[in-house]
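Participant: Using only what follows, build the 3D model:
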Amino acid sequence: MADTRSPTAGKDDGELDLLSVLPRLIQLGNVLNRGRLFERAVEGAGVALDRPAMSILVTLQMAARPLRVGEIATRMQVVGPHVTRQLHELERRGLTRRVPDPHDQRARLVEQTPEGAAVVGRYLQTVLGWFGDALAEWSAQDRQAFGRLLDRFASDLTARLEALDEE
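Facilitator: Prediction:
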């Protein structure tokens with residue numbers, strides 16, 4: 001059950017002041033989504049793709065294996081037709097291709113081509129370079145704690161929001 005206390009409750013007892021964290025979460029969201037991070041990264045990587053197309057390439061890169069369209073959509077938290085439209089353009093540009101599913105010859109999987117892997121590699125190198133620069137002054141212990149806590153927070157928040165969607 002949700003905590004019904006005031007979001008500022010606990011300031012004096014060592015608890016996290018959620019109201020003071022909210023502006024930082026908003027700031028981070030803005031930096032990641034509207035702060036031209038994507039545009040700067042594709043420009044720095046010499047890539048001419050829109051955000052949805054690059055998201056598909058990153059999803060395939062992170063999976064490290066070919067995926068079905070539905071798997072890509074689920075990982076991106078979008079609907080299948082959105083992915084299908086983007087895949088047509090990525091295939092036309094030679095960045096992805098469809099291959100037979102070895103477990104079901106009727107089904108097709110999507111994989112990156114070598115050119116697609118190179119494109120996403122340059123993009124990720126650019127973005128991860130910026131993230132690494134931002135954390136450069138942090139101790140190894142702080143970087144590890146940040147990664148662990150960010151993963152936990154994102155997973156817990158996602159699960160809670162999915163539970164609300166199911167109600």
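Participant: Which stretches in this structure count as strands?
Facilitator: Remark: strands assigned in the chain by DSSP state E are 96-101, 104-112.
Participant: So which bits of the last one are buried?
Facilitator: Read it as strand 104-112. Residues 109, 110, 112 are the ones in strand 104-112 that count as buried (16 or more other Cβ atoms under 10 Å). The C-beta positions use only the backbone N, C-alpha and C, and glycine is treated the same way.
Participant: Can you give the distance of that strand from its chain's centre?
Facilitator: The chain centroid and the centroid of strand 104-112 are separated by 23 Å, computed with Cα atoms, centre = their mean, to the nearest Å.
Participant: what angle sits between that strand and strand 96-101?
Facilitator: Here strand 104-112 runs at an angle of 150 degrees relative to strand 96-101 (axes from the mean of the first three to the mean of the last three Cα atoms, to 10 degrees).
Participant: right, and the strands of the chain - which one's nearest residue 144?
Facilitator: With distances scored as Cβ to Cβ, the stretch of these nearest to residue 144 is strand 104-112 (29.9 Å).
Participant: show me what contacts residue 31?
Facilitator: Contacts for residue 31 were tallied using Cβ atoms under 8 Å, 6 or more residues apart in numbering; they are residue 37.
Participant: Need the strands of the chain in TSV (columns: mean pLDDT).
Facilitator: Putting the strands of the chain into TSV (pLDDT from 0 to 100) gives the following:
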stretch	mean pLDDT
strand 96-101	94
strand 104-112	91
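Participant: out of these, nearest to residue 118?
Facilitator: From the strands of the chain, taking Cβ to Cβ, the stretch that ends up closest is strand 104-112, at 9.0 Å.
Participant: so what does that closest one touch, helix or strand wise?
Facilitator: Taking 3 or more Cβ pairs under 8 Å, 6 or more residues apart in numbering; DSSP states H and E as the contact definition, the neighbouring helices and strands of strand 104-112 are helix 51-63, strand 96-101.
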